[in-house]
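> sequence below, structure please.
(3 chains)
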Amino acid sequence: METFLQQLVNGLTAGSLYAVVALGYTMVYGIIQLINFAHGEVVMIGAMVAFTVITLLAAAGVPPLLAVTLGTLAAIPVCMAVGYAMERLAYRPLRRAPRLAPLITAIGVSIILQHLALLVWSRNILAFPQIIRTETFFFFGAAGITTVQIAIIALCFAMMLGLAGLVYRTRLGTAMRATAQNPQVAALMGIDANRVIAATFLIGAALGAVAGVLYGTYYGVAQYTMGSILGLKAFSAAVLGGIGNVPGAMLGGVLLGLVEALGAGYIGDFTDLCQYAWLSSRIADCENGGHFVLFGSNYQDVFAFVVLILVLVFRPSGLLGERVGDRA
Amino acid sequence: MKNTRILMTAAVALALAACGQQKPAPKSEPKAEAKAPAAAPSVEIKIGHVAPLTGGIAHLGKDNENGARLAVDEANAAKITIDGKEAKFTLLGEDDQADPKVGTTVAQKLVDAKVAGIVGHLNSGTTIPASAIYNQAGIPAISGSATNPKLTEQGFKNIFRVVGRDDQQGPAIASYLATTNKPKVVAIIDDATAYGEGIANEVEKTLKAANVKVLPREKGTDKTTDWKAVLTKLRGRNPDAVFYGGMDATGGPLMKQGRELGIKAVFSFGDGACTDEMAKLAGQAAEGLLCSQAGIPPQAADKKFLDAYKAKFNVDPILYAPFTYDGAKLLIEAMKKANSADPAKYLPELQKISYSGATGKIEFDDKGDRKDAEMTIFTMKGGKIAPVAVIKGGKTIPFEEFAKAAAAAPAAAPAAPAAEKKDEAKKDEAKK
Amino acid sequence: MTDWRKHRAALWIGCALIALTLAVLPFALAQVGTTWVRITNYAILYVLLALGLNIVVGFAGLLDLGYIAFYAVGAYTYALLASPHFGLHLPFWIILPIGAAIAALFGVMLGAPTLKLRGDYLAIVTLGFGEIVRVFLNNLSRPVNITNGPQGIARIDPFAIGPFSLARPETIGPLHFSGPIKYYYLLLVVMLVVIAINLRLQNSRIGRAWEAIREDEIAARAMGINTTSLKLLAFAMGATFGGVAGGMFSAIQAFISPESFVLVESIMVVSMVVLGGMGNIWGVILGAVLLSFTPELLRWTVEPVQHALFGRSVIEPEVIRMLLFGLALVLVMLFRPAGLLPSAVRKRELTQHVA
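A predicted model of the protein is given here:
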């Protein structure tokens, strides 16, 4: 039981990070139907900028929390600038191009950003200074949650709620939703689509920056290649929840995190054929308490995709998505 | 035993130096000793080096290349004459992106460029397909880091490695763990790469042979940063020790998260994660880890190499640089002995070479593996890895004894702070 | 559309001319270095892959981001049946069809559950499929060792007919045939066959049905086209070519491991198709050739130039190569979004299509 609770905590922490990154994908997709492959790279740059700032401040003896806050504050504008430049230079000219064109551009942008980051921050794995003292609160025996985990979960949920408020309660949000539904009609209603789209990229990049900093401080490492795998999973999360749908991305992210944690934690036990008596007698490996594990944690990266495929096959528009039927 | 060998090789090196066709002998100024005729015609000898210079382990690739470059530069400074001509060595550094396909392409490129020898590649996954090309061209290749046994099991006469095989290193760390820490249950994790899985399999084999209970294998990838799910599962099984087959980039976070979850077990690693980097990546949590490196500890044998490396590249070597350095030195040494840079002529010399390099004494067996490769066990102490024992021919020698023996040989005096080492050795004895 | 006969005749003449040039090419390249023959061989493999993917993406309009999986399936089929791993050494003319068939089966396996998906959902599912195949190949070494996991499979047999092996160098008269040159001719023949099949397909009933599906699936169904089986056919045919290419890759390389079949490779092939011009066979070939040669050309030029200018490498050539590669993707898309050689139909469609 305590193992199970611990896995929930693990999954929830990873999941809320996925969710925040997934928001960046889903917002952009919702409004211009573009898979912004380079969003993972924005997250990476956020982590890198924060790394530089935090390292400098930590060396100068600035208190840890202040250093991380300042690092985040430095990362946000840099990422917003990157996000805006990306939209302005690489995507806006292609808004009427065939769908695959901006997808390829996004891949190109992702390669460029990765290697620019390599030039700036070297190719080494950067270790974040271990300045934050983590305290673990134990509940239910050995199951524990650290202060950092609490902070991450709380921050991520705050950001998600903030974004939901922005999308559903403000003028900008209304404009975004209108543009997403029908750009022409929205334009007729006096909405400047370009500004709305730029704003979407800016918000997505800012969220990505924060996610990058949280990711970096939580795991303690950053490297110029970190964006691609994180981006891929977050993107899966967005599709899982129904891409283009803001609450869907949150749900998808958290679910994906939980599935990964529980999958890695339990599938090995369920597929250990030696625990089934009628099989174990027939398998030589099972003698002397041996194991015959069909699927173990080695398939952790696959769980995300398997769940994704299952969901899409039975509910092709994702968990919360609706408006996808007419999209070719 | 060790000290006499070092003495002898040092003597040989000095004798060679006197003959005016030497590579830098210990504590000598290479330039001052060059006695090659000033007006001698020069000949260009190309040596190829291949490692990934882009991608996730590019920092290790650069480290490898630096090692080989240092050897080549030293050889040039020493003004070696081969076949009556002054040899000008050039290092052709290539990037294989850790991709087997690119690996064969650059291998062919180096063959086309008529290199005299190859140092590389870094990964077993690229070295194995490339070795077929080197074999066809008859060019000797020495890898300083490909540890997969399969490389030298292909029957190629010109493929060597100066690093220990997975099936030498795995048993070394495993038997040290089994005899010193006496764990009852061990959890083994690997990163599902050829290296990580290879060494983890060997550790598992040795532990099982020693009647230690091994939990079902857990795996991540070489990019995994979140190990919590796997570690949480393991915590429920209460292992006494954890072994991870993988690199420091993933091993650091693994250990940090393990301690965060309150796992008290001893964490042990192979050479991929046997670096000071672990302390940066895992912080305080890295203290007390056990890990193994192929060869003798750099601190004990080649301060000179470390200093030269630091002076030239302004960084410390990360992992395999001493091995690629030795690889390049071996090629040059064999050329000198054969008095020819023709692969066909110097290959026999390379096969029977006996050379004392930055990583200890090097001789090759029939397969091209390093004979009697020493393995060193390290522990993390005060943010730096420090040697605790040397394993040689199946015997575990506490590092203090080993260093004392080495200290008797003035040419290879250990530069590591002795007091610290003694403490560890004492602790080591106390455990026994 | 009325002059397709004339057009095709012209194509055939062009094809013959190109074939003639291609026949002497390896010897010219070998003068510069055998590497270039090898690079050309890989380029031809990419042409095969791009042509295969073009059937799925270009003809039928189904975006597949996991195409490399079929390549992997073909490669592993060959490797398992012709290497010391299982001690099997079947001849290549038996294995290649088997590999192609298994790859086709995988194509249907991927196609069947994803029939209803469209656009980006299809993209992510195919991407996931590609990753799943790779992860399985990487992990099927336990509990029972099937693929040898990350260690890969070594000493794979080369193509051989009796004592005649494609890997051994041979001298016939004044001509020296190195291993790569022999493979070059084999690959060339296969490529020409695949191009011919593609050309025939494009203008066949099936090709037109695919085009109809791509343009408007509902209308196509209303016209009596069996969209289900045709989409499956597209996946299966695309996969078949991938499987054949994989088998040859396996034989040429003599060692394969899951590292060769990563996502980046899939993206590379998609880029080739899109850069060259989706649906246009010649465009796709151009895209494949360009993208497989550009990195090599850069590798050979950037460093010498830097050395000439600064006397040392300021920025490593590898980084510049990747930066230029990324930049090229962006710029080509910005200025020729339909690809370098857009297909006629596609061009018309694109001018009308508004996202």
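
> going by C-alpha atoms from here, please, whenever you check contacts or count neighbours.
OK.

> now chain C against chain A: closest residue?
Residue nearest to chain A within chain C (C-alpha to the nearest C-alpha): C:Gly326, separated by 4.1 Å.

> excluding chain neighbours, what is closest to that residue?
A:Gly108 (4.1 Å; C-alpha to C-alpha, 6 or more residues apart in numbering or on different chains).

> hmm, who's touching the helix or strand where the one you found lies?
Using DSSP states H and E, A:Gly108 sits within helix A:100-121. Residues outside helix A:100-121 that contact it (C-alpha atoms under 8 Å, 6 or more residues apart in numbering or on different chains): A:34-39, A:41, A:45, A:48, A:86, A:90-91, A:94-95, A:224-225, C:271, C:274, C:319, C:322-323, C:325-330, C:333-334, C:337-338.

> list buried residues within these.
Buried subset of these (neighbour count, 16 or more other C-alpha atoms under 10 Å in any protein chain shown): A:34-39, A:41, A:45, A:48, A:86, A:90-91, A:94-95, A:224-225, C:271, C:274, C:319, C:322-323, C:325-330, C:333-334, C:337-338.

> what sits against the residue of chain C closest to chain A?
A:107-112.

> let's go with 7 Å and repeat that
A:108-109, A:111-112 (C-alpha atoms under 7 Å, 6 or more residues apart in numbering or on different chains).

> just the element for it, please.
helix C:317-335.

> repeat for C:Ile39
Going by DSSP H and E, C:Ile39 is part of helix C:34-54.

> other SSEs contacting that helix?
Judged by 3 or more C-alpha pairs under 7 Å, 6 or more residues apart in numbering or on different chains; DSSP states H and E, helix C:34-54 is in contact with helix B:100-112, helix C:4-32, helix C:179-202, helix C:227-253, helix C:263-276, helix C:281-310.

> mind saving the C-alpha coords of stretch B:76-94 as PDB?
Provided in PDB are the C-alpha atoms of stretch B:76-94 (Å, rounded to 0.1, in the frame of the first residue of the first chain):
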ATOM      1  CA  ASN B  76      55.100  15.200 -32.700                       C
ATOM      2  CA  ALA B  77      56.900  17.100 -30.000                       C
ATOM      3  CA  ALA B  78      59.200  14.200 -29.500                       C
ATOM      4  CA  LYS B  79      60.200  14.300 -33.200                       C
ATOM      5  CA  ILE B  80      60.100  10.600 -33.800                       C
ATOM      6  CA  THR B  81      61.900   9.200 -36.800                       C
ATOM      7  CA  ILE B  82      60.400   6.300 -38.700                       C
ATOM      8  CA  ASP B  83      62.200   4.700 -41.600                       C
ATOM      9  CA  GLY B  84      64.800   7.500 -41.500                       C
ATOM     10  CA  LYS B  85      62.200  10.200 -41.900                       C
ATOM     11  CA  GLU B  86      60.800  12.500 -39.200                       C
ATOM     12  CA  ALA B  87      57.300  11.500 -38.500                       C
ATOM     13  CA  LYS B  88      54.600  14.100 -38.500                       C
ATOM     14  CA  PHE B  89      51.500  12.600 -37.000                       C
ATOM     15  CA  THR B  90      48.100  14.100 -37.800                       C
ATOM     16  CA  LEU B  91      45.000  13.100 -36.000                       C
ATOM     17  CA  LEU B  92      41.900  12.900 -38.200                       C
ATOM     18  CA  GLY B  93      39.000  13.200 -35.800                       C
ATOM     19  CA  GLU B  94      35.700  12.000 -37.100                       C
END
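
> what angle separates the helix holding C:Gly326 from helix C:281-310?
140 degrees (axes from the mean of the first three to the mean of the last three C-alpha atoms, to 10 degrees).

> pull the CA atoms of stretch A:257-265 into CSV?
Output of stretch A:257-265 as CSV, limited to C-alpha atoms (Å, rounded to 0.1, in the frame of the first residue of the first chain):
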residue,chain,number,x,y,z
GLY,A,257,2.3,10.4,-15.5
LEU,A,258,0.2,8.0,-13.4
VAL,A,259,0.1,5.4,-16.1
GLU,A,260,3.9,5.5,-16.4
ALA,A,261,4.6,5.3,-12.7
LEU,A,262,2.1,2.5,-12.0
GLY,A,263,3.0,0.7,-15.2
ALA,A,264,6.7,0.7,-14.4
GLY,A,265,5.9,-0.2,-10.8
